[in-house]
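Chemist: Okay, predicted coordinates and the sequence, questions at the end:
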Amino acid sequence: MDAVEIFDTTLRDGLQVEGVSASVDDKLRIAEQLDSLGVRYIEGGWPGANPKDIEFFARARDELALSTSTLVAFGSTRRPKGKVDDDATLRNLIEAGTEAVCIVAKSSEYHVTEALQTTLDEGEAMIADSVEYLTANGRRVLVDMEHFFDGYKSSPEFSLRALEAAVVKGATHVVLCDTNGGSLPHEIEAIVADVYRHVGSDVMIGIHCHDDTGCAVANSMAAVRAGARHVQGTLNGLGERTGNANLTTIIPNLQLKLGHQCLPEGRLERLTVVSHHIAETLNRAVDPQAPYVGSSAFAHKAGLHVSAIVRAKDAYEHVDPTLVGNGTRFVVSEMAGRATIQMKAAELGLTMDGPAVNQVIDDLKRLEHEGYHFEAADASLELLMRRAAGWDHEFFRVESMRVITDELPTGDFNTEATVKVWVGDQRHVYTAEGNGPVNAIDTALRRAVQRAYPHLERVHLTDYKVRILDGSGATGAVTRVLLSATDGERDWTTIGVSPNIIESSWRALEESLVYGLLHAPTTGP
Ligand SMILES: [Zn+2]
């Protein structure tokens, strides 16, 4: 099967998503991640649309050493009735200094006559002149055909004229865009097949889909079936409204299911880690249920088929998860039987004898009755299983912890925590202020332990959830705290349960640090 080029637009279209913003530094780090994944093109932004993108391209020239990907600057065709040599957009594109540029062109008759308020001849000339100018300046030119599918449905003649104008003037790619995201796979497949008959032998056909019908991945795949060999999308499907076509799904679909090589040899297995890295940089967690890369994508809950999975994993998984850098995970709860616990132990690399397995089953039943919920706290489960197998950590030992909150006469609140811990035979006493008790005890404990374990500098909390569980009878209500942390490579969640919210938070914090130390590159077991 032919190779399919991947064009990533996370740094341009992807950043249109609400609630996400990226600094120039963030964008440079993301570009490095995309290069390590091995996408063919990285669209860096729209120089001229904002100063941040001008700075990005300037710094990228000096600071980015891409080994696999080509950086692309995005812009548009010249203005209606304007001239290419005094067009600010085109000048900014050239000044970005990239080898390749991508320009958006109006390819729908309705948009030319209604949105631009100009003639079809001028609409065609805008494309032809701009492509000619950019190729004359030594740039490889990709043209995003905006509203192509909607335009083609109502007036195929103009949409094809727009394409031909770009091809004749030397564009290397014409990228058909479902800009409003309203098309369905059978429409995309039929229209791309028509386009392929017209220009398929002269130019590479690309596809750019949005997910407004929930079909962006399917639409991109349909386009490839009809002859497209260039796919645009974003990591984790980021993008405005419902998002762009999700490359973390499309790439493995094309490569593993249809045999189209999308990434260089050996890179597909970086998919999960790159997806999580980029999500972390943008402070936007990967959906646990995301295909291929989600934490639940290959998770099996205790039940009838667990012992069958041990015998034949491939009977219950559509692909081998290691191909995309993910792994099989067994979800354990109080319902778990011996087989599930044994599989979980194997997953964690623990050897557990019969009494240890029974111990885990008893502990789970008792703790879940008290309000623990281990399905949501894999790290605490791992520590519980290790303890049942006879292990205990020796990273640090807590002597005492105290936290005080005062209301000042000004109405402000002051919170201060003091933690006394032993690391080996060294006693450390640290006091820290915080914006609340959890923040203060986290800071104090971390400072006390960090001197001995510098790796903890990389560990930070990403989420803190509290739930009040209704108690029955004499036990009263208890609070359950779930605490998520990351060290940039690995994400984990721990749990604490107690009638006292400080105690449940403290338990979860302590376990979170222990887990972070256990899996640190230098202090692991
Ligand atoms: Zn778009």
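Modeler: It's in.
Chemist: Against residue 159, how distant is the residue lying farthest from the centre of the chain?
Modeler: Largest separation from the mean C-alpha position in the chain: residue 409, at 45.8 Å (CA atoms, centre = their mean). Distance of residue 409 to residue 159, computed by CB to CB, to the nearest Å: 71 Å. C-beta coordinates here come from the backbone N, C-alpha and C atoms, glycine included.
Chemist: residue contacts, the residue farthest from the centre of the chain?
Modeler: With contact set as CB atoms under 8 Å, 6 or more residues apart in numbering, residue 409 has no partners.
Chemist: How about the secondary structure of it?
Modeler: Secondary structure for residue 409, judged by DSSP: H, G, I helix; E, B strand; the rest coil, is coil.
Chemist: Need phi/psi at it.
Modeler: When read as degrees, to the nearest 10, the backbone of residue 409 gives phi -60, psi -30.
Chemist: Please apply the same query to the one 3 residues further on.
Modeler: Torsion angles at residue 412 (phi, psi; degrees, to the nearest 10) stand at phi -80, psi 160.
Chemist: what about it, neighbour count?
Modeler: Neighbourhood size, residue 412 [other CB atoms under 10 Å]: 8.
Chemist: do the same with residue 519
Modeler: The burial count for residue 519: 18, using other CB under 10 Å.
Chemist: Now it: closest residue in space that isn't a chain neighbour?
Modeler: Using CB to CB, 6 or more residues apart in numbering and skipping residues adjacent in sequence, the residue nearest residue 519 is residue 490, 6.1 Å away.
Chemist: Now for the closest residue to residue 329 other than its chain neighbours: which residues touch it?
Modeler: What sits nearest to residue 329 in space, not counting adjacent residues and going by CB to CB, 6+ apart, is residue 299, at 4.4 Å. Neighbouring residues of residue 299 by CB under 8 Å, 6+ apart: 328, 329, 330, 331.
Chemist: Let me know the distance separating residue 299 from residue 280.
Modeler: Look at residue 299 and residue 280: by CB to CB, they are 20 Å apart.
Chemist: How far off centre is the helix or strand of the chain with the lowest mean pLDDT?
Modeler: Of the helices and strands making up the chain, the lowest-confidence element is helix 306-311, at a mean of 73, by mean pLDDT, DSSP states H and E. Averaging C-alpha positions (CA atoms, centre = their mean, to the nearest Å) puts helix 306-311 31 Å from its chain's average.
Chemist: do stretch 84-95 as well
Modeler: Averaging C-alpha positions (CA atoms, centre = their mean) puts stretch 84-95 33 Å from its chain's average.
Chemist: what's that stretch in contact with?
Modeler: Applying CB under 8 Å, 6+ apart, the contact partners of stretch 84-95 are 47-48, 54, 73, 75-76, 78-79, 101, 103, 129-130, 132-134, 137, 139.
Chemist: Would you show me how to pick out the buried ones of those residues in PyMOL?
Modeler: Here is the PyMOL command that picks out the buried ones among those, judged by 16 or more other CB atoms under 10 Å:
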select buried, resi 47+48+54+73+75+76+78+79+101+103+129+130+132+133+134+139
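Chemist: Just the pLDDT for the closest residue to residue 458 other than its chain neighbours.
Modeler: Leaving aside its chain neighbours, residue 458 sits nearest to residue 487 (4.6 Å; criterion: CB to CB, 6+ apart). According to the prediction, residue 487 has pLDDT 87.
Chemist: Pretty sure residue 487 sits against residue 521.
Modeler: No - contact between residue 487 and residue 521 fails when scored by CB atoms under 8 Å: they sit 9.1 Å apart.
Chemist: residues near the closest residue to residue 238 other than its chain neighbours, how many?
Modeler: Leaving aside its chain neighbours, residue 238 sits nearest to residue 14 (3.8 Å; criterion: CB to CB, 6+ apart). The criterion is other CB under 10 Å. On that basis, residue 14 has 26 neighbouring residues.
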